[in-house]
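Chemist: task: produce atomic coordinates for the following.
(4 chains, ligands or ions: 4)
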Amino acid sequence: MPLTAIDAAAAANCIKGERKAPYTIGWANIYSVPTWMKQTEGTITAQVEALKKEGRVKDLMVTDAQGNAQTQIQQIQSMIDANVDAIIVIAGSSSALDRVVSDACDKGIAVINFDSLVNTDKVTSKINTDSNEWGSKAAQWMVDQLGGKGKIIIMNGPAGVSVSDDRRKGAQPVLDANKGLEVITETNTEYNVAPAQEAMTSLLFANPEIDGVLSLGGALSAGALLAFDRQGRDPVPTTGENARQFLELWKEKGIKGWATMQPNWLGALSVYAAVQALDGKPVPARVKVPLPVIDDASIDSYLARADKFPADGYIYSDYDQALFDKLLTE
Amino acid sequence: MSVARGSLYRTVQRTRNRGLTGLYLLVAALLVAYVSLFPGVLSLAGFSRFTQNWFPLALVTMAQALLMLNGGISLSIGPLVSLGAVIAATTMSGPLGVPGGIVLVAVTGLGVGAVFGTIVALFRLPAIIVTLAGSFIVGGVALLVLPKPGGMVPAWFSDALAGQYPTAFLLLLLVIVGWKVFMATPTGLGLYAAGDNPLGAFRSGVRVERVRIVAFALSGLLTVLAGLFVAAQTGSGDPVIGAPMTLNSIAGAVLGGVGFLGGRGTMRGALAGSLLLAAMINVMFFLGFPPVAQYVAQGLIIVAAVAVPELLSRRQRA
Amino acid sequence: MPLNEATVEARGVHRGFFGNPVLKGVDIALRPGRVHALLGENGAGKSTLINLLSGALLPHAGEVIVDGGSVSRFSPEAARRAGIAVVQQELSLVSELSIAENIGLGAYPRRFGLVDYGALAEGVEQVCRLVGIQENRGTPISALPLGRRQMVEIAKALFRRPRVLILDEPTSSLSAHEAGVLADLVLRLRDEGLAVLYISHRLNEVLALCSHVTVLKDGVVTADRSLAGVSPDELVRLMVGRDAEHLFPSWSPVAGKEIVRLEGFCAGSARDVSFHARRGEVVGVGGLVGQGQEDFLQGLYGAVAARAEAVSIAGSASLPKSVEAANALGIAYVPADRKRESLVLTHSIAINLALPSIGRLARGWSRSRHAEAELVSDLSARLAIKGDPARPVQALSGGNQQKVALAKWLPLKPAILLLNDPTRGVDLDTKREIYRMLRALAADGTLVVLMSSDTPELVHLCDRVYVFREGRVSGVLAHGTISEEAIVGAALGLPERKAA
Amino acid sequence: MNRSLVTRVAAHPWVLTLVLVALVWIVAGFTLRGFGSWGHLRYLLELSAVIGIVAAGQTLVVIAGGIDLSVGAVMTVSAILLPLLSPADDPTGLAGIGATLAIATGIGILNGAGAAYLRVPPIIMTLAMATFLQGLLIIVAGGSAVSVSNPAVIWLGSARPLGLPAGVILWILVSAATLYALHRTPFGARLMAIGANPIASRLSGLAVDRASVRLYSASGFLAGVAGILLLGMNRQGYAGIGDPYLLSSIAAVVLGGTSILGGRGTYAGTVPGAILLVTSTALITVVNASPGWRSIMFGSLILALLLVSGREARR
Ligand SMILES: Nc1ncnc2c1ncn2[C@@H]1O[C@H](COP(=O)(O)OP(=O)(O)OP(=O)(O)O)[C@@H](O)[C@H]1O
Ligand SMILES: Nc1ncnc2c1ncn2[C@@H]1O[C@H](COP(=O)(O)OP(=O)(O)OP(=O)(O)O)[C@@H](O)[C@H]1O
Ligand SMILES: [Mg+2]
Ligand SMILES: [Mg+2]
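Modeler: Ligands and ions are numbered 1, 2, ... in the order given. Purely as a prediction, here's the structure:
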């Protein structure tokens, strides 16, 4: 992972003024209801509890913008007004939060942005996996599976959202390089089972020949598999994310599968990074978390832990402080 | 016949506050709570920021109230906000520049609104479903203009509108003055009349259909202006940023006492309703409510804002 | 313009609704300086005709002529410019706007494109004085009682400085005093040279005001003549095509068991009312409009909150808390504003008639179509309600609508029937039927409480009359002492009132 | 003859919606591969069943002059609560269903009570309720939710007695009950009257407040049923699962010719309205176009259907 000197120099970004432990941390959530968010918040609060015990964090202020980027701006503004020491944020819009986030940075507040990123670089650190890589790796696996030839359907997340757009963009060069792979059609749905299943079912009726499903995240793949199953069609190689339901179906139906993930512990890592930065330790301006891959070899190890995760949740890879330290110093 | 010029106007204005005392008190209480929790809001910058956050909601609430007063409703407020934002973000840094962008956004809003209004008025279709279908169309166009968040609004323009100064508040005052002027035109009063008693208004010589189209067009204008402001506030465009605003605009208007069937309610009430929604978010933050409590409190405050005045007035009547 | 030239004229106009012809080649000519009466039964097409004359509807055939020229593409706006103003039977007011803004609606004085509130206030002031509106001009319409709204509607017509003034049943919701003001006004306007078209079911008004009459029957004009020297009986004959019968039935008082006794009753603006009545009586409730009579009735009906010091009503020692409770005690109420408070206009006549009985007729969970149909045909026959019961009640004329509003309570066999102005806007024949029915119900042992703004009704129909003034009973007139003078005297609080 | 047909259709706008569905199906069946197969049509019906069942409650509420904006949230809550409320030792799974429906109905009762006794406009009451339920979901979602193992729910989502999906059969039952309630019971007649003129209804002795409580509880109950069916079809409940059904339910009602102002309408129109919506979505899905264009096409299709069926009669 190339980390330039400039990045390292910018590591002390934002933080100014009297910032002494224990710190107050603001967690500006965009929407706390979805299970992924709930699990992520779980890792955040767990991390905060641990840090509280060490006396390094005093308080965690949580807001929920109910999916409204405007509200999120207002809430981050309130966090600035309350002069919290750090703000952890998943952006409700990759562009809309730029101004308020850089405002927070100007006020000397550590800003850690993970998952959905803002465009501005005026943050202490951005922590994420690489969405482009997500798409290209999935597409590459599909090419390998099908031997570079076949008809595939691409399932995307919601339109107009950066993550889903970036993943799709990442897949494009691979598809261009392998003209034997024909994209019959694409869909855009929420990252949820029901709409994905619905869309896939319609496509199954319209397309008698499908060789692969290149699904780019969330629970889309589970929806696709359910659609194949319920229409009595033989499943085809499918990519996806670490949704527990997908992993279980993959095993149960014995398909050729591949999955990666957006680890929920990015939340915990963000809290950890915020405190590190506030403590004056170097934190890279960009932390690119490598994509964990789940394949036929590793799926069993994930399913073995399935019980610890909600049925509609995501089985994320293990994490510990050593991993965090490694990611933050790399 | 010594009617002082303007005294009629003043009396009329005064009676429009009827029934809003409860809401005004609630809003005042929230604002007092906010100020005591965070005195910084009294500084120029603090005040500017707070009004900036309120402004887009105020605009869309007015847009919705305008239609509801006329007996309509719009479910395409959210997508239209997005459309305004993406047009602003894609044109303003291009050859058209800021003025060109503003004009283009305004024309789009007026045009889209007028088209909806025409369909509703001439084909006599229910506004709710026309604008529901319209929301998909407008949302689709926004996605075509800007498939993912991006674009750019010149920094000076952002700073001018959403910087350290209470420009948003001044703009809001301007819009309110504009509304007052509109409500002092025959068309403005016709808007109420056509909402409350369309047949009577028609027989009185009000051009009910034209008034309806005007209402939709103005509502479209206010909506895209909210989008324009959002683009300036955020410095960029996002094709789905407006989505939650549809329901919020309805909530603000109904909280403010604007009725569904037309002709009932006032714009001042709607504005108070939107202020209530905006202030509530900040107050809950400073009270340190966890998300669960935020949801519950929000629901309770909304129900109470409507139920308490009603119960009190029933008590008085009995 | 020569005085005898017609200002507005309809020639051979045809108009129907959904294939049902209402007007079949009607002629009418309104001339300056003349008050022209338009008579006809409910549903004869009077309102339809004036809608044609005022551009609110377009004729299917024939033409409307203004100042000698035929008009194409007529509209309310064009009619206003031609100086035609209409007081519609259905109010065309906007409840949230103020009196002044309503009066000016559609004809605002402007300055720089804005409503000139100064000029509006002046213009409104003039017409308000003419019609005697004292309320603050900024008061919203929703705060006014029905009668006052009607006056605003008249002021609104005058505000347009019309050459032609069309009044469609303007007095049906007015008090006697307001009606008097209006009559004077009409005569004055006539003398100023206006052409006036006057529609009313009150023949004495017609005789007092009008000099010419057009009678509509079954969509055609059956009479178009001067009223000079026409007697009331002749007028009735012109209208209904046969000799006039007595309007009021004769009856002999019966003294049934006491069914209502109230002391210190308060509801809404009604204060400290003492009231008692027996089965078999028709008890009148009179007074100027809006003196608490309506709250009194609605309080008895459980529709507004009420309390009393001592109560005995239909065998119960407490007031009904809700409308259902009142119904259960056998109390029924016929509201004044039938379109708003009584009928479900868009629904069928049958449903409207059956609505209060539907639950009782049901077998188990299901509605009994058969029993309902029987009930409906029985009621339609008993009250001679015209029209297919499957049609919406809004397609009925006002009089027939009123019959529906009354008839739906009969299956309940009410012990107490509360009526709020039941003959408003109702034609003569129907009035007669309603009066006969009220007395017949009384004879069967029902207590009928009749609130009315039509004083002759109280005089000729009631056993006793309670007169209200400022929320209190200002006089109780017993049989034999009831006269128009006594009622008006008590209503105005004159000292020589007779208390029973 | 011709004319009486026209007037009949004008008097029953739902017939037109039905004709539209038939037309769309026939045209699509001949032009699109796979559309006309029995399996596909059956699937469309199955999807329509979910919308149709929520929209049954919505139809009742709208006819009575109200609106229920909490149905989506109620569906979500039901789908998420059901696995939690199903005791593992109940082999039938009916206990869990009963408990879930009781909660859904309870939510409806609260809506109705707020609208009737607190005089909160239904739109605000149900919107606030939806907000409350979001709060509830934060507590419940992602907690100990387990995959649905309730046998009755799984059966509902996958069985095909008589060759018809169980969900469709359930829908037929709900439709029959709704049509019966609306057109054959005193309750239905009263709802229509209340929707057309609440003041007159009250003065005619109809228990308007009580009716409104019953009405919203029916809507809550039916949203609960739809949520359970949706859970059965997806095997998994998640936050947001019910969200798309709020607008769909309203759209189905209005496309079916029910007046959004209340007082007039029938569930007989909502049924084809629901099918029309699902069909439109399916048609748009198989078109290969950018998301923006798809959205535009969907909106235009609804608008076109609306124009063809030209509702709200001239005054
Ligand atoms: N808009 C309409 N649609 C359908 N039918 C109508 C309409 N307006 C009037 N009618 C019918 O035309 C007939 C005549 O109505 P109109 O209002 O002209 O009667 P009218 O003479 O004014 O009666 P009234 O004395 O009760 O006022 C009525 O029986 C009514 O059924
Ligand atoms: N089928 C209908 N559809 C729509 N409007 C109708 C219909 N039938 C009648 N109307 C309207 O309702 C009115 C009912 O007829 P009519 O005028 O005879 O009653 P009314 O005299 O106005 O009642 P009232 O005297 O109490 O005011 C008509 O004037 C017309 O405007
Ligand atoms: Mg009439
Ligand atoms: Mg009449």
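Chemist: what strand or helix carries the residue of chain B found nearest ligand 2?
Modeler: The minimum distance from chain B to ligand 2, using CB to the nearest ligand atom, falls at B:Leu199 (7.8 Å). C-betas here are computed from N, CA, C, even on glycine. Assessed by DSSP states H and E, B:Leu199 sits inside helix B:198-203.
Chemist: now check the next helix or strand after that helix, is it near chain D?
Modeler: Tracing the chain C-terminally past helix B:198-203 and defining elements by DSSP H and E, one meets helix B:208-234 next. No - using CB under 8 Å from any CB of the partner chain, helix B:208-234 stays clear of chain D, with a minimum separation of 9.6 Å.
Chemist: quick check, helix B:208-234 touching chain A?
Modeler: Yes - against chain A, helix B:208-234 shows contacts by CB under 8 Å from any CB at B:230, B:233-234.
Chemist: residues near the residue nearest to B:Val145 when sequence neighbours are not counted, how many?
Modeler: Of all residues not flanking B:Val145 in the chain, B:Val86 sits nearest, at 4.6 Å (CB to CB, 6 or more residues apart in numbering or on different chains). For B:Val86, the count of nearby residues is 31 (other CB atoms under 10 Å in any protein chain shown).
Chemist: D:Leu246 contacts D:Val71, correct?
Modeler: Yes - between D:Leu246 and D:Val71 there is a contact under CB atoms under 8 Å: 5.8 Å.
Chemist: and the two? which has more neighbours close in?
Modeler: Remark: of D:Leu246 and D:Val71, D:Val71 carries more neighbours, 33 against 23, as counted by other CB under 10 Å.
Chemist: give me the number of residues near the residue lying closest to the more buried one once chain neighbours are set aside?
Modeler: Excluding the flanking residues, the one nearest D:Val71 by CB to CB, 6+ apart is D:Ala223, at 4.2 Å. Residues within reach of D:Ala223, counting by other CB under 10 Å, total 35.
Chemist: OK, contacts around D:Ala223?
Modeler: By CB atoms under 8 Å, 6 or more residues apart in numbering or on different chains, the contact list for D:Ala223 reads D:54, D:57, D:68, D:70-72, D:74-75, D:78, D:104, D:108, D:242.
Chemist: now the residues you listed as TSV including secondary structure and distance to ligand 2?
Modeler: Below are the contacts of D:Ala223 laid out as TSV (DSSP: H, G, I helix; E, B strand; the rest coil; distance: CB to the nearest ligand atom, whole Å):
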residue	secondary structure	distance to ligand 2
D:Val54	helix	33
D:Gly57	helix	30
D:Asp68	coil	30
D:Ser70	coil	35
D:Val71	helix	33
D:Gly72	helix	36
D:Val74	helix	38
D:Met75	helix	39
D:Ser78	helix	43
D:Ala104	helix	40
D:Gly108	helix	35
D:Gly242	coil	40
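Chemist: in PyMOL, select just the buried ones from those.
Modeler: Those of those that count as buried under 16 or more other CB atoms under 10 Å in any protein chain shown are selected in PyMOL with:
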select buried, chain D and resi 54+57+68+70+71+72+74+75+78+104+108+242
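Chemist: ok, and which of the contacts of D:Ala223 reach ligand 4?
Modeler: With CB under 5 Å from the ion as the criterion, no member of the contacts of D:Ala223 is in contact with ligand 4.
Chemist: do a quick rundown of the helices in chain B.
Modeler: Taking DSSP state H as the criterion, chain B carries its helices at B:7-15, B:21-37, B:44-69, B:77-91, B:97-123, B:127-145, B:155-162, B:167-183, B:186-196, B:198-203, B:208-234, B:245-255, B:267-286, B:291-317.
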